[in-house]
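1. Predicted model follows, preceded by the sequence.
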Amino acid sequence: MLFPPINFGAVEEGLYRGAIPTEINVPFLETLNLRTVVLLEHIAGTEEIDPMWNSYLEENQIELVRIGEEVNGSQMPPGTKSSQPISEELVLRAMREVVHSSKYPLMIVDSLGKHRTGVLIACLRKLQKWNLSSVFSEYRRFASGKRKIQNEQFIELFDVDLVNIPLQAPPFLQFNSASAIPVLSSKTVVAESNISV
């Protein structure tokens, strides 16, 4: 029997989200053929990782990218709790990983797979030109009734122009910058040019 991590979800083809996996989730994770895991930490370097999962990552050469919050240009001391919402810097650092297809298949995780992961995915949805109502609906579904108003304000005000989409972006982020329409492949363009009216 396979057990996905808490709050697991497929965001797009090859992009997944959830809570930090534990030993029981390893057989399920094997089915994803992950190349990268992005761990969004509340305080840099403090999230506990199940030793079995850590071994799995090393044995399977899966890159673990740990991205934590910083305050006043330095990392928060261990044991410090912050009531601050997720920072723009954390979202932008994580987005740099998400926009590169060479990192895929990729999974985004945090302690419960709710708020930090939810905000990052919501900002990704804005980048994909989703309407704000749909973005909030998805965020709230994974927040399990514990939505944070400051996170929703952050999502609404997030400036997608701060995200640089490289040429090697995953297909769901390949847009024609002038029209925000996914770029057509050369086969599609050739097929359309052969159509007579």
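-> Received, thanks. Numbers count the residues shown, from 1 in each chain.
2. How many residues are close by the residue nearest to residue 113 when sequence neighbours are not counted?
-> Distances taken as C-beta to C-beta, 6 or more residues apart in numbering place residue 7 nearest to residue 113, at 3.2 Å, with adjacent residues excluded. The way it works is simple: take the backbone N, C-alpha and C, and place the C-beta from them, glycine included. The local packing of residue 7 (other C-beta atoms under 10 Å) involves 19 other residues.
3. buried set for stretch 22-34?
-> Buried residues in stretch 22-34, counted by 16 or more other C-beta atoms under 10 Å: 25, 26, 28, 29, 32, 34.
4. The third one and residue 6 touch, don't they?
-> No: checked against C-beta atoms under 8 Å, the pair residue 28 and residue 6 is beyond contact range at 11.8 Å.
5. Which single one of the buried residues of stretch 22-34 is nearest to residue 161?
-> Closest to residue 161 out of those is residue 34 (29.8 Å), distances taken as C-beta to C-beta.
6. still on that earlier bit, could you pick out which of the buried residues of stretch 22-34 are located in helices?
-> Judged by DSSP state H, the buried residues of stretch 22-34 include 26, 28, 29 as members of helices.
7. Check the first one and give its pLDDT.
-> Residue 26 carries a pLDDT value of 92.
8. Distance-wise, check it relative to residue 65.
-> If you measure residue 26 against residue 65 using C-beta to C-beta, to the nearest Å, the figure is 19 Å.
9. Please enumerate the helices of this structure.
-> Secondary structure of the chain by DSSP H: the helices cover 26-30, 51-59, 88-98, 115-127, 132-143, 149-157, 186-193.
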